[in-house]
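Q: structure here, sequence nowhere to be found:
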C-alpha cells in the first residue's frame with residue numbers, strides 16, 4: 001500500500017481524489033494549502049505527491065522548488081492545474097516534477113499516472129543530484145563537477161573543509177539512489193568490529209563525518225575498511241575539518257591512513273567564499289524552520305539579507321542554520337529586519353569586553369536602548385547620510401529620525417547629497 005499526499009485548495013477535488021485513490025488501495029493524506037503540505041512532508045515523506053499549482057498562500061512550483069533546495073524531493077511529484085500551459089508543464093518538469101496533469105483529470109489518466117509515478121520510485125526516491133542545499137553559485141557548480149569527477153575515478157573520497165561546510169550534503173550528492181546509506185556514528189565499533197559497517201553498507205555508501213579525531217585503534221579499523229571495501233562494493237566518503245597532512249607529519253595521525261585517504265580529496269569551500277548564495281540559503285532555511293515549528297510566515301528585509309551576506313560565518317552552513325532558526329523563533333514582527341540580525345550576530349563584537357559586560361548588567365530596556373544607540377551611531381558613521389542609513393538599518397526615514405531623537409543620537413551626517 002502506497003501513501004499519497006494530495007495538495008489542493010478545493011475541498012471537492014481533494015475529497016474526490018481521496019475517494020478514488022483509497023478505492024485503489026492507497027493511503028491518502030490531504031493538505032489544503034502549501035503550508036500544510038510543507039508540514040505534512042516534514043512529518044513523513046509520502047510515496048507520491050499530487051500537487052496543485054495555483055493555491056492562495058504559495059504556488060505549487062515554488063513549493064516544489066523549496067523541496068528541491070532543501071533536499072526534500074525524495075518522492076515523485078505530479079503537478080495539477082486547471083489553467084495549465086505548455087510553459088508551466090515544462091517548468092514543472094525542469095524543477096523535478098514527474099508529470100503534469102490538467103484538471104479536471106480523467107479517471108483513467110489519473111490512475112495510469114499514479115501507477116507510473118509510483119513505479120518510478122527506484123530512480124527518484126533519493127535526493128536530486130544537485131548541491132542546491134549549498135547554493136547554486138559558480139564555486140558550488142565547480143564543486144559539483146569536482147565531486148562527480150572524483151567519484152568516477154575512485155571508490156574512496158576525502159572531503160576537506162572547515163566545520164559546518166556541508167560535507168554530508170556532498171556525500172548525499174554522490175550517493176546512488178536505492179542503495180544503502182550508512183553514516184558511522186558509533187566510532188567505538190571501528191575497534192571491535194569494523195567490517196560490520198561494510199556489511200551494513202554493502203552495495204551502497206559508508207560516510208564518516210569526521211575522521212581527524214579518530215583514536216589510533218579507530219584509525220586502524222578505518223584502514224581495514226579502506227582495504228576491504230571493494231569486496232563489498234561500498235563507496236567510502238570521509239570528511240575532515242582538520243589538516244590531516246600536518247597531523248600525520250607531527251606523528252598525531254597514521255601516515256598510512258592519511259596516504260590512503262589523500263589519494264582522492266576534494267575541498268568544500270567555506271560559506272564566505274560563495275557569499276552570493278547566502279541570501280537564497282537564508283530564505284530557504286527560514287521557510288524550512290517555520291514549516292517545522294508551525295509558526296506564522298516571516299520574511300527577511302533586503303537589508304537584513306545583505307547583512308547576512310556580509311558576515312564571515314566561521315561556523316559556515318551550520319551556523320547559518322542556527323542563526324536563521326533563532327531569528328524565526330524570536331523575532332516578533334512579520335519582517336526580520338537588519339537590526340534583528342545585528343542583535344544576534346553581534347554589533348556588540350565591536351565593543352570591548354568590559355563595555356559588553358556592563359551592557360549585560362543593565363535592565364533589558366536600558367540594554368536595548370544602549371545597543372540601539374551604539375548600532376545607529378555605527379550605521380550613521382559608516383553610511384554618511386540619512387538616506388543610506390535608513391536603507392542599511394531597514395527603517396523608514398521618519399522612523400529613523402524619531403528613533404535618533406528618542407535615543408539622543410546626533411546624526412552627524414554630511415547631508416543627503418554626499
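A: The structure has been received and is ready for your questions. What you are looking at is a predicted structure, and each value in this text was computed from that prediction instead of being measured.

Q: how many residues are close by residue 177?
A: By other C-beta atoms under 10 Å, the residues close to residue 177 number 14. C-beta here means a position set from N, CA and C on the backbone, and glycine is covered the same way.

Q: over to the nearest residue to residue 167 once chain neighbours are set aside: give its phi and psi.
A: Closest residue to residue 167 apart from its sequence neighbours, by C-beta to C-beta, 6 or more residues apart in numbering: residue 239 at 3.6 Å. The phi/psi pair for residue 239 (degrees, to the nearest 10) reads phi -120, psi 150.

Q: residue 239 contacts residue 184, correct?
A: No. Residue 239 is beyond contact range of residue 184, at 11.0 Å (criterion: C-beta atoms under 8 Å).

Q: ok, the residue nearest to residue 167 - contacts?
A: 158-161, 167-168, 171, 207-211 (C-beta atoms under 8 Å, 6 or more residues apart in numbering).

Q: how near is it to residue 36?
A: Distance, residue 239 to residue 36, by C-beta to C-beta, to the nearest Å: 36 Å.

Q: residue 370 now?
A: Counting by C-beta to C-beta, the gap from residue 370 to residue 36 is 43 Å.

Q: residues in contact with residue 231?
A: Counting by C-beta under 8 Å, 6+ apart, residue 231 touches residue 198.

Q: any idea how far it lies from residue 157?
A: Residue 231 is 18 Å from residue 157, where distance means C-beta to C-beta.

Q: and for residue 120?
A: Residue 120 is 29 Å from residue 157, by C-beta to C-beta.

Q: and those two? which has more neighbours close in?
A: residue 157 (24 against 15).

Q: what residues do residue 239 and residue 184 have in common as contacts?
A: Shared contacts of residue 239 and residue 184 (C-beta under 8 Å, 6+ apart): 207-209.

Q: any chance of CSV for those residues, columns distance to residue 301, secondary structure and pLDDT?
A: Below are the shared contacts of residue 239 and residue 184 laid out as CSV (distance: C-beta to C-beta, whole Å; DSSP: H, G, I helix; E, B strand; the rest coil; pLDDT from 0 to 100):
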residue, distance to residue 301, secondary structure, pLDDT
207, 38, strand, 96
208, 41, strand, 96
209, 35, coil, 92
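
Q: just the buried subset of those, please.
A: By neighbour count, with 16 or more other C-beta atoms under 10 Å, the shared contacts of residue 239 and residue 184 hold 207-209 as buried.

Q: out of the residues you listed, flag the one nearest to residue 252.
A: Proximity of these to residue 252 (C-beta to C-beta) peaks at residue 208, which lies at 17.7 Å.

Q: isn't the closest one right up against residue 222?
A: Yes. Under the criterion of C-beta under 8 Å, residue 208 makes contact with residue 222 at 7.0 Å.

Q: which neighbours do these two have in common?
A: Any residue near both residue 208 and residue 222 by C-beta under 8 Å, 6+ apart counts here, and that gives residue 238.

Q: residue 131 in helix, strand or coil?
A: coil (DSSP: H, G, I helix; E, B strand; the rest coil).

Q: that one touches residue 171, doesn't it?
A: No. Using C-beta under 8 Å as the test, residue 131 is too far from residue 171 to be in contact (11.2 Å).

Q: looking at these two, which is more packed in?
A: residue 171 (24 against 21).

Q: what sits against that one?
A: Residue 171 neighbours (C-beta under 8 Å, 6+ apart): 159, 205, 207, 237, 239.

Q: helix or strand: which one has residue 111?
A: helix 107-119 (DSSP states H and E).
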